[in-house]
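A.B. asks: just a sequence and a predicted model for now, questions to come.
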Amino acid sequence: MTESPLPEPPLAKPGFPFGDPANQVPARYWHALADGRVQCDLCPRLCKIHPGQRGLCFLRANDGAGLVLTSHGRSSGFCIDPVEKKPLAHFLPGTPILSFGSAGCNLTCKFCQNWDISKARAVDRLNGEATPEMIAEAAVQLGCRSVAFTYNDPVIMLEYAVDVARACHARGVRTVAVTAGYILPEARAEFFAHMDAANVDLKAFTEDFYHDLATAHLEPVLDTLRYLVHETACWVEITTLLIPGKNDGEAELTELSQWVARELGREVPIHFSAFHPDYKMRDIPATPPQTLRRAREIALAAGLRHVYVGNVHDVEADSTYCTGCGARVIERDWYQLGAYGLDDIGHCRNCGTPMAGVFDGPPGTWGRKRQTITLRRA
């Protein structure tokens with residue numbers, strides 16, 4: 001895999017700290033180079049990092065002895081969200097999910113919708129103390145059946161995410177990754193072994209889009225999707241943010257949908273979400289609702305069975321339908337569930353057809369609420 005076309009990050013100023021040493025842990029997936037640099041082998045960017053320098057993601061740094069993760073036990077903040085906001089339509093519907101992120105990212109998307117977090121420097125954003133055990137305990141106490149690594153890409157904090165996932169699983173709490181899937185195979189196997197579900201951001205279906213707007217490559221993301229669906233037990237859903245004039249053409253959407261149906265399977269849900277002008281693409285208009293509707297029609301015509309729209313109000317296109325009898329089995333109005341026609345294990349009450357996904361008991365009643373919380377040591 002070739003490196004993405006970006007210059008190396010600048011050297012840190014002499015004495016520039018990587019933060020509290022208590023939050024620094026040895027990183028995995030790197031090797032030393034002959035010239036004193038280390039190469040990070042976490043993602044296809046393959047950053048080559050001088051002593052005292054951070055990688056492009058900002059969280060992984062060369063401390064002179066090797067690669068370290070600089071943010072273990074720190075967070076940019078916690079919220080309880082509806083699981084549908086991740087978005088996940090077929091994973092514990094209606095339940096609250098404890099959600100948090102860190103800072104930085106290993107992609108450079110000009111259209112980033114969370115740029116205030118993903119483009120932030122860790123020293124500016126990581127103000128919350130969050131040990132793995134604290135997160136797991138908070139999820140239990142707050143009635144959250146799952147924890148989401150979200151807001152920025154969690155693969156860049158792999159060591160921390162794995163520790164949090166282990167603590168959560170020990171308490172019976174499931175884990176969710178919201179990710180662009182830009183990670184190399186060895187690291188990918190460890191990371192996703194600890195995830196119960198993932199929403200993977202398939203940003204477009206052309207190499208030019210990834211190269212020009214994210215300084216990345218398409219194929220590693222497709223490879224991650226194939227791996228997750230065919231080689232893991234992780235439940236997978238896909239999101240594509242449709243940007244007018246960039247990735248919303250009918251030919252591209254047809255090719256994308258046909259690839260998902262052929263390579264991943266017709267039951268994999270896909271969400272087409274509306275773009276809003278932000279970060280470095282404020283001159284692009286918001287996605288019209290009719291574009292999302294047309295994308296959904298294209299995907300359904302390609303054979304995909306569960307196609308949703310996001311960031312717009314559309315009950316019909318946000319709801320889930322039985323693949324056996326066609327009945328509406330999960331009605332959604334934004335993140336609010338309405339009529340519900342599945343039994344506790346996800347079978348249609350009308351015809352008995354099983355629904356693809358993770359269904360465990362009755363639907364939750366969290367609704368569309370969003371609650372910010374602060375974690376503190378006991």
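C.D. replies: On my side now, so go ahead.

A.B. asks: could you tell me the end-to-end distance of stretch 186-204?
C.D. replies: Its first and final residues considered, stretch 186-204 spans 24 Å by Cα to Cα, to the nearest Å.

A.B. asks: check stretch 152-166 too.
C.D. replies: Its first and final residues considered, stretch 152-166 spans 20 Å by Cα to Cα.

A.B. asks: off-centre distance for it?
C.D. replies: What separates the centre of stretch 152-166 from the centre of its chain is 12 Å, taken as Cα atoms, centre = their mean, to the nearest Å.

A.B. asks: in it, what counts as buried?
C.D. replies: 152-165 (16 or more other Cβ atoms under 10 Å). For every residue, glycine as well, the C-beta is placed using N, CA and C.

A.B. asks: what do you get for stretch 309-319?
C.D. replies: Across stretch 309-319, burial judged by 16+ other Cβ under 10 Å covers 309-312, 314, 317-319.

A.B. asks: and what of stretch 224-233?
C.D. replies: Within stretch 224-233, the residues that qualify as buried are 224-225, 227-229, counting by 16+ other Cβ under 10 Å.

A.B. asks: hang on, the earlier thing: okay if I get the buried residues of stretch 309-319 as JSON lines plus secondary structure?
C.D. replies: Formatted as JSON lines, the buried residues of stretch 309-319 follow (DSSP: H, G, I helix; E, B strand; the rest coil):
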{"residue": "Val309", "secondary structure": "strand"}
{"residue": "Gly310", "secondary structure": "strand"}
{"residue": "Asn311", "secondary structure": "coil"}
{"residue": "Val312", "secondary structure": "coil"}
{"residue": "Asp314", "secondary structure": "coil"}
{"residue": "Ala317", "secondary structure": "helix"}
{"residue": "Asp318", "secondary structure": "helix"}
{"residue": "Ser319", "secondary structure": "coil"}
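
A.B. asks: pick the one among these closest to Phe111.
C.D. replies: The closest of the buried residues of stretch 309-319 to Phe111 turns out to be Asn311 (Cβ to Cβ; 13.1 Å).

A.B. asks: the closest one contacts Ala274, doesn't it?
C.D. replies: Yes: the criterion here is Cβ atoms under 8 Å, and Asn311 meets it with Ala274 at 3.8 Å.

A.B. asks: tell me what the strand of greatest length in the chain is packed against?
C.D. replies: Longest strand in the chain, counting residues (DSSP state E): strand 235-242. Where contact means 3 or more Cβ pairs under 8 Å, 6 or more residues apart in numbering; DSSP states H and E, strand 235-242 is packed against strand 197-201, helix 219-231, strand 270-274, helix 289-301.

A.B. asks: after that strand comes which helix or strand?
C.D. replies: helix 250-259 (DSSP states H and E).

A.B. asks: how far away from the center of its chain is that following helix?
C.D. replies: That offset, for helix 250-259, works out to 22 Å (Cα atoms, centre = their mean).

A.B. asks: tell me the helices and strands packed up against that helix.
C.D. replies: helix 289-301.

A.B. asks: quick check: mean pLDDT across the helix it packs on?
C.D. replies: Averaging pLDDT along helix 289-301 gives 97.

A.B. asks: orientation of that helix relative to strand 235-242 in degrees?
C.D. replies: Using axes from the mean of the first three to the mean of the last three Cα atoms, to 10 degrees, the direction of helix 289-301 lies 140 degrees away from that of strand 235-242.

A.B. asks: contact partners of helix 289-301?
C.D. replies: 240, 242, 244, 248, 250, 253-254, 257, 260, 270, 272-274, 307-310, 312, 314, 317 (Cβ atoms under 8 Å, 6 or more residues apart in numbering).

A.B. asks: so which bits of it are buried?
C.D. replies: For helix 289-301, using 16+ other Cβ under 10 Å, the buried residues are 291-296, 298-299.

A.B. asks: just the closest of the residues you listed to Ile183, please.
C.D. replies: Nearest to Ile183, judged by Cβ to Cβ, of those is Ala299 at 25.5 Å.

A.B. asks: so Tyr308 belongs to a helix, correct?
C.D. replies: No: using three-state DSSP, the assignment for Tyr308 is strand, not a helix.

A.B. asks: number of residues surrounding it?
C.D. replies: Using other Cβ atoms under 10 Å, the number of residues around Tyr308 comes to 24.

A.B. asks: once you drop chain neighbours, what's closest to it?
C.D. replies: Spatial nearest neighbour of Tyr308, chain neighbours left out: His271 (4.6 Å); criterion: Cβ to Cβ, 6 or more residues apart in numbering.

A.B. asks: for Arg332, same thing?
C.D. replies: Closest to Arg332 by Cβ to Cβ, 6+ apart is Asp318, at 4.2 Å.

A.B. asks: identify the residues contacting that neighbour.
C.D. replies: Here Asp318 is in contact with 308-310, 332-334 (criterion: Cβ under 8 Å, 6+ apart).

A.B. asks: go ahead and confirm Tyr335 touches Lys86.
C.D. replies: No: checked against Cβ under 8 Å, the pair Tyr335 and Lys86 is beyond contact range at 10.1 Å.
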